[in-house]
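# Have a look at this prediction, sequence included:
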Amino acid sequence: MADIAGTVAPGFERVRDAFAANFAREGDDREIGAALAVYVRGRCVVDLWGGHADAAETKPWARDTLINVWSASKGITSIALAMLVDQGRISYDDAVAKHWPEFAAGGKGAVTVGHLVSHQAGLNGFAEPTALEDLYNWSVATARLAAQTPFWTPGTGASYHALTHGFLLGELIHRITGQLPGDFMRGALTGPLGADFHIGLAEGHDWRAGEIVPPSNATIGSGAPPEIPARATKNPQPQPTSPNTRAWRAAQIPAANGQSSAHGLARVYAAIANGGTLDGTQVISPAGIDKLREIRFTGDDMLLGPRRWAGGVAYNTLPNWGPDPETFGHSGWGGAYGCANLQRGLAIGYVMNRMGSSLVGNPRSASLGAAVFAAVDR
């Protein structure tokens, strides 16, 4: 059994037990290294970490260990865009081309910001042959998407924009603020909140970065219908070990390469769960949060199931983040997630280095969500 470090508030002992139990599972569900942070009404009630940050299990996981959280990055990027909506600098009803004129090419003049955030834009992959290294060049990736013709009529359906979502939202942030999304987040969102989350990790933080450990079955998108959904994961095809390279960490891929601690996710969602304010710092208004969580589409022909897409965040697909379907946030490939529940003022951030075999969620992450809600609702 791994040594578990950190603290829990009285009444949250069951969460520590669930966290520790994940290190005793078998196969791909056995935790190697992980951390969990939980806030209730702005107060940290769970702060746990344990195991090892490397596959060889020689480097202990620390409270400030960073790990690639894959698509949990989308939630933070979407909150950053929601801040600009809240400030009146952009609207979900705006045509994307209003802020990004080149985007009107390929018949996309009527595509709205709301279509982008909810995976309805028809740009779930690249039309031009694209190498993984092309994602490291912001202007190349965004120019290709601006020039494309949609794969389906925008607004008529949703299919998960696995890698392109962050470039689409991020270029809007870039056009409005003059900053690349990772830089904007650091100055306006994660930095002010003291949230240890990074899009474009500085080399000086590499020593804190944990090693992603792939599952034995690392196929992404297996079982999805062919053609359109396959575009999201085949051109290029993400590799589970890419986050272990400096080139990946240094790039800005806002849909997939966030490097975060558990608190990095939890503190952003703690502000959302607490009316937009944490420790006296306000990043968004309650009205802005309502716009962020407005449902824009139900369903997804890649992820399947009862998906409910809001402003770039998703509502809970039970039982990923506990028993309440009104919890919202975003998971990442392999199991990491950040989420908020407004009724309870609750926020959870969970990160780990051994990826589960499912694209979204795993038994470890689900067990933690169940234990957290049981403790809060006791």
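That came through, no problem.

# switch to C-alpha atoms for all contacts and neighbour counts from now on
Fine.

# how about stretch 357-373 as CSV, C-alpha atoms only?
C-alpha atoms of stretch 357-373 as CSV (Å, rounded to 0.1, in the frame of the first residue of the first chain):
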residue,chain,number,x,y,z
SER,A,357,-8.3,2.4,-20.6
SER,A,358,-11.5,4.4,-21.2
LEU,A,359,-11.5,7.7,-23.0
VAL,A,360,-13.5,9.3,-20.2
GLY,A,361,-13.5,8.3,-16.5
ASN,A,362,-12.4,5.1,-14.8
PRO,A,363,-13.3,3.2,-11.6
ARG,A,364,-10.7,5.2,-9.6
SER,A,365,-12.1,8.6,-10.4
ALA,A,366,-15.7,7.4,-10.0
SER,A,367,-15.0,6.0,-6.6
LEU,A,368,-13.5,9.3,-5.4
GLY,A,369,-16.5,11.3,-6.7
ALA,A,370,-18.9,8.9,-4.8
ALA,A,371,-16.9,9.2,-1.6
VAL,A,372,-16.7,13.0,-1.8
PHE,A,373,-20.5,13.4,-2.3
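
# The nearest residue to Asn320 once chain neighbours are set aside: how many residues sit nearby?
Of all residues beyond its chain neighbours, the one nearest Asn320 is Ala366 (4.8 Å), with distances taken as C-alpha to C-alpha, 6 or more residues apart in numbering. Applying other C-alpha atoms under 10 Å, we find 18 residues neighbouring Ala366.

# wait, is Ala366 part of a strand?
No - counting by DSSP: H, G, I helix; E, B strand; the rest coil, Ala366 is not part of a strand but helix.

# Next up, the contacts around it.
Pro319, Asn320, Trp321, Gly322 (C-alpha atoms under 8 Å, 6 or more residues apart in numbering).

# By neighbours, which of the residues you listed wins?
Neighbour tally across the contacts of Ala366 (other C-alpha under 10 Å): the maximum, 32 neighbours, falls on Trp321.

# Could I get the pLDDT score of it?
Trp321 is assigned a pLDDT of 96 by the prediction.

# Distance-wise, check it relative to Ala266.
Distance of Trp321 to Ala266, computed by C-alpha to C-alpha, to the nearest Å: 13 Å.

# Next, show the common contact partners of the two.
Shared contacts of Trp321 and Ala266, counting by C-alpha under 8 Å, 6+ apart, come down to Cys339.

# Show me where the chain has its helices.
13-21, 72-86, 96-99, 113-117, 138-147, 164-177, 181-188, 190-193, 231-234, 246-250, 262-273, 286-292, 363-376 (DSSP state H).

# looking at those helices, which one has the lowest mean pLDDT?
If these are sorted by mean pLDDT, helix 231-234 sits at the bottom with a mean of 90.

# for that one, which positions count as buried?
Residues of helix 231-234 classed as buried: Arg231, Ala232, Thr233 (neighbour count, 16 or more other C-alpha atoms under 10 Å).

# What are the contacting residues of that helix?
Asn124, Gly125, Phe126, Tyr160, His161, Ala162, Leu163, Thr164, Ile220, Gly221.

# What subset of those residues is buried?
Asn124, Gly125, Phe126, Tyr160, His161, Ala162, Leu163, Thr164, Ile220, Gly221.

# residues contacting the nearest residue to the fifth one once chain neighbours are set aside?
Think His161. In this structure, His161 finds its nearest non-sequential neighbour in Asn124, 4.0 Å apart by C-alpha to C-alpha, 6+ apart. Neighbouring residues of Asn124 by C-alpha under 8 Å, 6+ apart: Phe151, Ser159, Tyr160, His161, Ala162, Leu163, Thr164, His165, Ile228, Pro229, Arg231, Ala232.

# quick one: which of the contacts of helix 231-234 is nearest to Val46?
Ala162 (30.4 Å; C-alpha to C-alpha).

# Help me confirm that the closest one comes into contact with Asn257.
No - here Ala162 does not reach Asn257: they are 11.5 Å apart, not a contact under C-alpha atoms under 8 Å.

# okay, which residue is most central for the protein?
Against the mean C-alpha coordinate of the chain, by C-alpha atoms, centre = their mean, the closest residue is Ala72 at 1.5 Å.
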